[in-house]
Structures are given as C-alpha cells and as structure tokens.
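Asks: model the structure of this input:
(2 chains)
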Amino acid sequence: MIYSLVGYYSLVLGLIVGLTLFYFSFKNFNNATILNSKILSFTFLQFFFVVISFLCLIFSFVVSDFSNETVFNNSHTTKPLFYKISGTWGNHEGSLLLWLLVLTFFIFIFLLKTKNQPTKYKILTLVFQQVIIIGFFIFLIKTSNPFNYLFPIPVEGLGLNPILQDPALAIHPPILYLGYVGSSIIFSSVLSATALKMISISWATHIKKWILTSWIFLTLGILLGSIWAYYELGWGGFWFWDPVENVSLMPWLALTTLLHCIMVLEKKNILSSWTIILSIATFTLSMCGTFLVRSGILNSVHTFANDPERGVFILIFLFILIFLSLFIFFFFHKDNEKNSNQFFWLSKETSILINNWFMMYFLSVVLIGTVYPIFLDVISSEKISVGPPFYHKLIMPFLIPFLLMMAIGPKLKWIKSDFENKFYLICLLLISIFLAYFILKSFNQKILINTILISSALYLFFITIRDFFVKKYKNLSQNISHFGFSLLILSILFNNLFSSEVITNLKLGETFENSKVNIYFESIDSKKSKNYDSIIANFIIRNSNGEEDKLSPELRIYNQPVIATSEADIKTSLISDKFIVVNLVQNQDYFNVRYQVKPLMMWIWISVILISFGGLISLIKKNHEK
Amino acid sequence: MKILKIIIIIFLIYPTNNLKAEDLEIKNKITKNLRCLICQGQSVYDSDSEFANSLKILVDKKINEGLSEDQIYEFFKNKYGEWILYDPGLNKNTYILWLLPLLIFLAGGAIIYNSFIVKK
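Replies: Model (predicted):
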C-alpha cells in the first residue's frame, strides 16, 4: 500500500519535473549557460523519480501487495521470486513504466555523454525528448496507472500467464525496449539538429553511436523473443511473421537502413534529407508498434492487455509527433546543394543506396502485409490473413541480388571504383553455384529458387571469410555482421529444407518406428513444483546410425491461473536440434507425440549474435578512436 | 458442434499416418497455409487444438478424394471464408497488398537512377 502511494506520487513528481524542464528550457533558451548547469541535475531528478516508481512496483510484486490492481491481475503468492519480479513488466501498465524508465535513462546518459556538441543542440534534443516523456507520463497516469487501488484487498492474485513464466521472456522486454526507446534519442536528436541546421559530418559521427546502440539492443531483443517462441510456443518454429513479430522487425529494418545511410553522411555530407526521414521513420515505427500491440487491433499471442481508450491516446500522440517532425523537416531543413548529389554507378555510395532501396522494399512488404488486413477489415469488413507464404513469395526472390550486393558492395571505393581483381570474385561465384547445386542434388531437392538463393548466400559467406583473412581487420565490424547475415540465411534455408518430423499417437510402452527413427515411450513421471504440477513423459529415441537419446517433454498444469502448457524437450547440438513435444489425446491413454529433427538451429542464434557483435565492435572502435 | 464430434470420432478410429510420403508433403504444405481459427496466430500445422486436429483429418480426406491443392484451398475458403488462408490469392481485395510493395520497389529504383546516378 505504501509502495503504491510512493510509486504513484513519484510518477506525478516526474511529470512535474518534465513540465518544469520544458518551460525552463524555452524561457532561457538563449541564455544557454544557465541551462547547461541545471539540465543535467533536473534530468537526473526525473530519472530518479521514475526509478523510485519502478522499484515501488517491483516491491509491490515481491511482497504480493494485492491492494495494487496490477499486482492482483498479474501475480500470485506461490510464484517463484524471479517471476514475481519479471511479472512487473509482463503486463501492460508495468511494461509502459519500463518504457518510461528507459526513456528517462537514455536522455540522462545522452546529456552526460554528449560533450563536444553545442549546448543549444543538447537542450533542444532534451526538449523534444521531454515531449515524448511527458506524453508517456500522461498516458501512464491517465489510462494505465500501475498503482490503482483495490478495496477490499483481495487475498490472492490472479497469477501470470504461464507462457510468460520463462527466463528468456523475462529479459526479452527490457532488451527490446532499450532498442525501441534508443530510437527516440535518434528522433529527438535529428529534429533538434535539423532545427538548428547542424546536420553535418560531426553530427553524423556523434549520432552513429546511438544508432549502433539501439540497433544492437533491438537485434538482441528480437533474437530473445525468437528463441522463446522456439522452445515455448511448442511448434518448433522461430519466426511466424506474426504481426507483433513484424512490428519489432520494422524498426529494425529502418534502423539497419539508417545505419548504412549515416555512413554516407558521415563520409561525404550528403543524403541529409534521407537520413532525417529515416530517423523519424524508425521512431514512428517503434511507436506504431506500441500502438498496434497495446490497442488490441492485432490478433496475436502478445496482446495480453488491450483497451480502445489506450489505442486512441497513442494514436493521437503519434499523430502529434509525426506532425511535429514533418513541420520541422519542411520548414527548417534545406538540402545542402553545394555538395554534388551525383554518384558514379560503381561506387560505395551507390552500393549503399542500393542497400537502402532493398531494405525499404523489405520494410514496405512487412508494413503492408501487417497493416493491409486491418485496413481491408475496416473498409470492407472482409477478413483476410497474411501469413508466411506472402512474405516468402515477396522477399525470397529479392534476397538473391541483395546478398550478392552485400558481398560486393563493401569492396567498392568511395566516389569511383572499379574491379581490379575480378578473378577471385568470379571464381568464388562459380564455386558457390557448383556447391549449392551439388548439395541440393545429393539430397534430392529440385527447387530452382533454392539453388540460386543458396548460391548467393554461399557467395557472401565465402567472400566475407576471404576478406576476414586477407584484409587484416580492416572494417572488421562490417565483415562480421555481413558474415553473420550469410550464415543466418544459410542456416534458415538448410533448416527449412532438411527438417524432418514424425507425428504419432503413442501409449506407454509402445514404439514408433520408421526408416529413420525409432521412438520408444519408456515411462511417465510426475513432479510437483511451487507454481505447477507436471507430467513428464520419457522417450528413448534411436536414429538409423544407432545413436540413442533420452528426451523428456513435459505437460505442465499451472495453478495460477489454471492453464495447461506443454513444454518441449530439446536436445541441442551444433549440427541439429532434436525437438519433442507431447499433448494429451482427450479421454485416452494415448499421447500425441511430435518429434522433429531441425538441423542448424543453433547456427541461427549464433549468426544473429554475430550480426550484433559486428555492431558492438564498431561501437567500441568509435569510442576507442576518440 | 455435431460435425466436430463426428470428425473427432473419425479421427480416433482412423490412424493418422495412412498417407503416402508424397501426400504427406502436400498435407504439411496445405496445413501450414491454413490458419487455426481458434488459436492466436498459429497455423493448423503448428497447432494441437481440437479444431486444428479436425482440420488435419479433413485435409487428409480431401487429399484421398483426389482433390488438388488449389481445390482444397477453395473448399476451405468457401467453408470458413478467406480468413483461414495464410496465402491470400490475387483478387480485387488483394491487388494493393500484392502489387504495392512491387510498385514501391520500382519507384525506389527510378528515384535512385534519376536523381543520383551520373549519366554520360
């Protein structure tokens, strides 16, 4: 109870600090020296209040204070401590408080770390960031107060959705939010730089660090969500083109485009308008994501809370931000015409433009595929589904030139380039085609597009490996990220092509057998845990080489709320994953058994880690050089 | 509900794996493209709900009846509406969906070519 009070009033105080900062900055805008000394402490004060508020919510969860509505709805006394804490952001109110926490944290760090930029720029960035922060404060306090009272006080809470009771999912939202919210700094900074007409090489160098930071977190956040979906949702897939997955992919695509585009700005001081538009787009897409998820428009596993009033609020807020940014863009920005915008066709600039072109296409596919069904429903009340086949058809063919460009693009020089050493480029291309053809032929796969796709991915693979050894750590970050991407595409393709599965019904003691595998249902155990009871089915699986594995998938019945889930058992190795999941067949002794062999799963995760590791190297290098 | 019960009974009587390997491949392909209507964002193939299981049997049956893949989609579309198909066909409702991204791609290419590339 006391926690709720303190938490709530800290929020109100945080809002007041925000408004004060806002007013104060405008009033003394031309007298920057006064501000410079004050803003940092004010920003820290705001961050401090949000931290207090957040800690209060965590404490309320830890001590199971059911006078707090959020705690009542999402926790239970029997829950392990870890999930009591992670329950804090496993719900709408708490996750928005986390948003706010990250927002205030980032602007504080931004002001702390930005030393070589003009004070006016710092203050204006702070002002724009405060617009976002104040908006979120009001949203939180008005529509989603995490500290609502309940009276009489319930004795027990409703519990947390079991599929959210998972370690990967406990850290997935904070990491993802660091990425999402990081883009807000880019947004504020680009608006203030535009208004002050200081979009330049030094600004590009400065903001690139922030782009990299949020890009790394966003990449890792998506990865964690994907890993969670793989082992928890029970179907052995890791990406379903589900609207909410798409919503996290869109800012990632925009951010990746921005990351490439900013290099041209940093080097040649051109493409400034495009950089501004991309920065605005990235944050808008993050906000749209919040809107689409929170408003409950999307039919998806993630919509654990929805309410039309919230949707309307975010929508209005979003329109204000978009209007504000477009206003600034059109009234303040003038493209620097002194610098020639003309590129030679074979140059690094052109190759980055081509990257941007394809990335924008991928983004438009994902955006249209996600949003179009909603529009159609509103306009003609006809419901259609847009699923994996749509995305595969529109994206896969375009990946082929994209991969080839990824291999060749980084080799080009700025301004004007030519191929001095064509020999190895052609050689490696031939080797890739031959190898792809050979692999697919020997496994009896005859689909032409797969052969071409694998050839181009292999090409990127070989080129990046060669560069790694030949170029001696020059441009290491790009090299590693591009290598990671080729590995990702290869792993996904091979995983798709060579996955195999068995679906059967088995009773205790029975054996399923086919030419590849022998599945023996050995025994059943049961186990009682604090927050669930489980039935464990033990299987012995022998493949045709005589290798034997013991796998024990579980059926869990969570007590609060009472929901049955099935937990897959996965045996992971570098070559392939063995994935087994069971379900009860109603009123029978039979278990429905689903056994899958999924090659190279591990490499999908590793490659994404490599991609973000490339970003990390670039970030460290930047700081180191300074 | 009655139909559902009958289907479940059929499901329990018939063993599931009575399809040839080739048919199984088609079945998997089809069920991956069908939305499990009672689940949230899962395909029939991925889901283990009663609804999904009954649909799997129905797909088996249709394959055994000798219907082609497209005919089976058509059958489900008529029965449950377009919502069930994950792969929306090209028709008056979906022209924008399929063609807009491609138009954006072409427009992007044109813009890059016209405004940035040096011509001789």
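
Asks: can you count the residues close to A:Ser214?
Replies: As a burial measure, A:Ser214 scores 29 neighbours (other Cβ atoms under 10 Å in any protein chain shown). To be clear about C-beta, it is placed using only N, CA and C from the backbone, and glycine gets the same treatment.

Asks: can you check the one 4 residues further on too?
Replies: Burial of A:Leu218 is recorded as 29 neighbouring residues (other Cβ under 10 Å).

Asks: give me the distance between the residue nearest to it when sequence neighbours are not counted and B:Ile38.
Replies: Leaving aside its sequence neighbours, A:Leu218 sits nearest to A:Gly179 (Cβ to Cβ, 6 or more residues apart in numbering or on different chains; 2.8 Å). In this view, A:Gly179 and B:Ile38 are 33 Å apart by Cβ to Cβ, to the nearest Å.

Asks: looking at those two, which is more packed in?
Replies: Legend: neighbour count by other Cβ under 10 Å for A:Gly179 and B:Ile38, higher for A:Gly179 (24 against 11).

Asks: may I ask you to confirm that the more buried one is in contact with A:Leu223?
Replies: No - the criterion here is Cβ atoms under 8 Å, and A:Gly179 misses it with A:Leu223 at 10.9 Å.

Asks: quick one, helices of the stretch 201-350 of chain A?
Replies: Using DSSP state H, counting those that start in this stretch, the helices of the stretch 201-350 of chain A run over A:201-232, A:243-268, A:272-294, A:308-332, A:348-380.

Asks: turn those helices into a markdown table, columns for mean pLDDT.
Replies: As requested, the helices of the stretch 201-350 of chain A are exported to a markdown table (pLDDT from 0 to 100):
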| stretch | mean pLDDT |
| --- | --- |
| helix A:201-232 | 91 |
| helix A:243-268 | 91 |
| helix A:272-294 | 86 |
| helix A:308-332 | 86 |
| helix A:348-380 | 90 |
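
Asks: could you list the domains of chain B?
Replies: Domain assignment for chain B by automatic domain parsing gives B:2-87, B:89-120.

Asks: of those domains, which stretch is the most buried?
Replies: By mean neighbour count, with neighbours taken as mean count of other Cβ atoms under 10 Å in any protein chain shown, domain B:2-87 ranks first of these at a mean of 16.

Asks: what mean pLDDT would you report for that domain?
Replies: For domain B:2-87, the mean per-residue pLDDT is 76.

Asks: what's the answer for stretch A:573-590, then?
Replies: The predicted model assigns stretch A:573-590 a mean pLDDT of 83.

Asks: helices of chain B, start to end?
Replies: Assigned by DSSP state H, chain B shows helices spanning B:2-13, B:21-32, B:50-64, B:69-80, B:95-116.

Asks: of all the ones you listed, which one is nearest A:Thr20?
Replies: A:Thr20 sits nearest to helix B:95-116 of all those, at 44.4 Å, using Cβ to Cβ.

Asks: that closest one packs against which elements?
Replies: Applying 3 or more Cβ pairs under 8 Å, 6 or more residues apart in numbering or on different chains; DSSP states H and E, one finds that helix B:95-116 makes contact with helix A:348-380, helix A:388-408.

Asks: angle of that helix against helix A:388-408?
Replies: In terms of direction (axes from the mean of the first three to the mean of the last three Cα atoms, to 10 degrees), helix B:95-116 departs from helix A:388-408 by 20 degrees.

Asks: so helix B:95-116 versus helix A:348-380, what angle?
Replies: Using the same axes, to 10 degrees: helix B:95-116 against helix A:348-380 is 150 degrees.

Asks: mind saving the C-alpha coords of helix B:95-116 as PDB?
Replies: The C-alpha trace of helix B:95-116 is given here as PDB (Å, rounded to 0.1, in the frame of the first residue of the first chain):
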ATOM      1  CA  TYR B  95      -4.300  -6.200 -55.600                       C
ATOM      2  CA  ILE B  96      -3.000  -3.500 -53.400                       C
ATOM      3  CA  LEU B  97      -1.500  -6.000 -51.000                       C
ATOM      4  CA  TRP B  98       0.500  -7.800 -53.700                       C
ATOM      5  CA  LEU B  99       1.300  -5.000 -56.000                       C
ATOM      6  CA  LEU B 100       2.000  -2.000 -53.800                       C
ATOM      7  CA  PRO B 101       5.300  -3.400 -52.500                       C
ATOM      8  CA  LEU B 102       6.500  -4.100 -56.000                       C
ATOM      9  CA  LEU B 103       5.500  -0.600 -57.200                       C
ATOM     10  CA  ILE B 104       7.400   0.800 -54.300                       C
ATOM     11  CA  PHE B 105      10.400  -1.200 -55.400                       C
ATOM     12  CA  LEU B 106      10.100   0.100 -58.900                       C
ATOM     13  CA  ALA B 107       9.600   3.700 -57.800                       C
ATOM     14  CA  GLY B 108      12.600   3.500 -55.500                       C
ATOM     15  CA  GLY B 109      14.800   2.200 -58.300                       C
ATOM     16  CA  ALA B 110      13.500   5.000 -60.600                       C
ATOM     17  CA  ILE B 111      14.200   7.700 -58.000                       C
ATOM     18  CA  ILE B 112      17.800   6.400 -57.300                       C
ATOM     19  CA  TYR B 113      18.500   6.100 -61.000                       C
ATOM     20  CA  ASN B 114      17.100   9.600 -61.900                       C
ATOM     21  CA  SER B 115      18.500  11.700 -59.100                       C
ATOM     22  CA  PHE B 116      21.700  10.100 -58.000                       C
END
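
Asks: center of chain B, which residue is that?
Replies: The centroid of chain B falls nearest to B:Asn33 when counting by Cα atoms, centre = their mean (2.3 Å).

Asks: give me phi/psi at A:Arg556?
Replies: phi -110, psi 140 (degrees, to the nearest 10).

Asks: residues near it, how many?
Replies: Around A:Arg556 there are 20 residues (other Cβ under 10 Å).

Asks: so the helix or strand hosting A:Ser455 versus helix A:388-408, what angle?
Replies: When elements are assigned from DSSP states H and E, A:Ser455 belongs to helix A:448-470. Computed by the same axes, to 10 degrees, the angle separating helix A:448-470 from helix A:388-408 equals 30 degrees.

Asks: the stretch 401-550 of chain A: helices as residue ranges?
Replies: Secondary structure of the stretch 401-550 of chain A (DSSP H, counting those that start in this stretch): helices located at A:422-442, A:448-470, A:476-498.

Asks: closest to A:Met287 out of those?
Replies: For A:Met287, the closest of the helices of the stretch 401-550 of chain A is helix A:476-498, at 26.5 Å, according to Cβ to Cβ.

Asks: most proximal residue of the stretch 451-600 of chain A with respect to chain B?
Replies: Proximity to chain B, evaluated over the stretch 451-600 of chain A using Cβ to the nearest Cβ, is greatest for A:Asn583 at 4.6 Å.

Asks: and the residue of the stretch 51-200 of chain A closest to chain B?
Replies: Closest point on the stretch 51-200 of chain A to chain B, by Cβ to the nearest Cβ, is A:Ile163, at 10.8 Å.
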